[in-house]
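Novice: Provide a 3D model corresponding to the input given below.
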Amino acid sequence: MRHSCCIHYNVLFLLTFTTANTLASNSVTAKLHQSATLSCNNKCSGVVTWAMFHNPGNILAQCNKTKCWSEKGYEVSHDQYLKGKILLTITAVDYSNRALYTCVCDGVDACDVRLIIETLTSLVQLNPGQALVMVLPIPEPVEVMYKARDSADLYGAQICTVTQRSLQCQPEYTHRASLSYPNITLRDVNMTDSGTYSIRDRKNEEVIHIYTLIVNVVQHESGRNFETWIGMSVGLFMLVIIVISVVLVMKNRRKKSRNREKTDPEETIKLNGSTREVRSRQRSDSDAKADQLARQMVEMDKLIQCYKSESMRKSQSWTNRNDIPVVEMLTMKKTEMEAVVQDSEQDTVCQWWRLKRPELDTIIEHWTKYNTELDQLKQNLCNKVSHQSNHQTQCPRERRMVQSWPGR
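Specialist: Reported below is the predicted structural model:
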């Protein structure tokens with residue numbers, strides 16, 4: 001009995017040790033073609049080397065007490081090394097730099113840092129019959145995943161693959177899809193093609209680029225011709241009314257202006273200047289609101305892509321000084337976006353949100369289920385250890401997966 005108890009405690013210790021090592025690893029997310037700096041929190045007063053985990057023999061950078069050197073595309077600072085800061089800078093990040101980097105101090109592993117490239121997002125609005133062009137920014141093999149509008153499926157389905165510069169697609173896409181490297185073209189799009197198209201790296205299992213396609217609604221030709229004729233007639237009539245009204249208003253304004261200039265010329269000059277200032281301020285406010293709305297849409301796309309992957313849930317830390325539960329954070333972000341969409345009167349923004357809202361709801365549901373399963377697994381493990389040891393063990397209370405607020 002004592003031997004069995006020891007075995008179970010050893011297993012529990014091994015699980016705890018393994019989990020701690022996994023959670024200790026960190027990552028750095030960088031934008032394509034921009035610089036990124038990897039840092040190691042451990043101290044080292046000896047020889048420091050940086051290399052990719054899968055190729056430890058290829059030293060990318062090295063520092064000692066007298067000097068530092070690095071390969072092309074990488075930089076290390078000797079001054080920072082002398083201050084106890086172990087840093088490696090990648091000057092212009094591209095997809096060949098994606099890897100797990102290992103920092104070694106005097107032949108002993110000091111830390112591991114993973115470099116991740118931020119997923120690209122594009123919003124494309126086309127008319128029926130036009131072509132969607134998607135760029136392949138990485139070497140093969142890649143696949144194209146399609147998720148239809150209002151679909152509850154989190155990842156979508158594979159519609160095409162590219163291997164050895166050969167395009168293979170599902171039968172319903174074969175006659176419309178073509179490859180002119182590095183572009184994949186989907187011709188003659190229609191309303192049913194609306195949705196998201198993800199370019200996915202099959203080797204590293206990462207989504208590289210997400211295209212959100214919105215195909216505009218076009219009426220049938222016969223009804224469109226009739227409504228066009230009616231619209232032109234009404235438009236012409238309204239144009240005549242508007243021209244007459246403008247002429248009358250302009251005459252009235254000119255008459256009032258002449259009378260005002262005769263009575264008070266200085267007041268007229270001040271009034272004209274104030275009008276121009278108000279109009280300029282209104283145009284600036286409108287442009288600022290449009291820019292802010294576009295940034296919020298891009299941030300929501302990135303948030304959805306970041307939190308829908310299985311690996312993202314497994315790599316989260318348990319505690320952080322400014323952390324809150326992931327499900328609560330995602331729900332608050334959804335509520336904020338609902339308010340933004342309601343304030344916006346643009347049809348394109350409403351169509352985009354009808355695409356993204358079901359996907360965000362599915363992510364929240366998956367995270368909630370994941371937290372519940374993780375709590376149950378920990379409770380079962382604790383109960384099992386308590387039963388095997390023949391005494392009551394106080395099991396830890398439930399802890400929810402937490403995540404820092406974006407931007408903190």
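
Novice: just the mean pLDDT for stretch 234-243, thanks.
Specialist: Here stretch 234-243 scores 86 as its mean pLDDT.

Novice: brain fart, stretch 300-312
Specialist: For stretch 300-312, mean pLDDT rounds to 75.

Novice: again, but for stretch 326-340
Specialist: 87.

Novice: then stretch 63-71?
Specialist: Computed over stretch 63-71, the average pLDDT equals 95.

Novice: give the buried residues for it.
Specialist: Cys63, Cys68, Ser70 (16 or more other C-beta atoms under 10 Å). (C-beta placed from N, C-alpha, C; glycine too.)

Novice: let's see which of these end up in strands.
Specialist: Among the buried residues of stretch 63-71, the members falling in strands (DSSP state E) are Cys63, Cys68, Ser70.

Novice: and the second one, how close does it get to Ile117?
Specialist: Which is Cys68. Distance of Cys68 to Ile117, computed by C-beta to C-beta, to the nearest Å: 26 Å.

Novice: picking that back up, of the ones in strands among the buried residues of stretch 63-71, which is the nearest to Met300?
Specialist: Using C-beta to C-beta, the shortest approach to Met300 within those belongs to Ser70, at 37.9 Å.

Novice: so what's the closest one up against?
Specialist: When contacts are counted by C-beta atoms under 8 Å, 6 or more residues apart in numbering, Ser70 is found next to Leu60, Ala61, Gln62, Val76, Leu88.

Novice: name the SS class of the last one, please.
Specialist: Same thing as Leu88. strand (DSSP: H, G, I helix; E, B strand; the rest coil).

Novice: I figured it hits Ser77, correct?
Specialist: No: contact between Leu88 and Ser77 fails when scored by C-beta atoms under 8 Å: they sit 9.7 Å apart.

Novice: between those two, which one's more packed in?
Specialist: Legend: neighbour count by other C-beta atoms under 10 Å for Leu88 and Ser77, higher for Leu88 (26 against 16).

Novice: ok, now which ones touch the more buried one?
Specialist: By C-beta under 8 Å, 6+ apart, the contact set of Leu88 is Thr37, Leu38, Ser39, Trp50, Leu60, Ala61, Ser70, Tyr74, Glu75, Val76, Tyr101, Cys103.

Novice: give me phi/psi at Lys67?
Specialist: Backbone torsions for Lys67, taken as degrees, to the nearest 10, come to phi -160, psi 170.

Novice: same check on Gln34?
Specialist: When read as degrees, to the nearest 10, the backbone of Gln34 gives phi -110, psi 170.

Novice: so what's it up against?
Specialist: By C-beta under 8 Å, 6+ apart, the contact set of Gln34 is Ala92, Val93.
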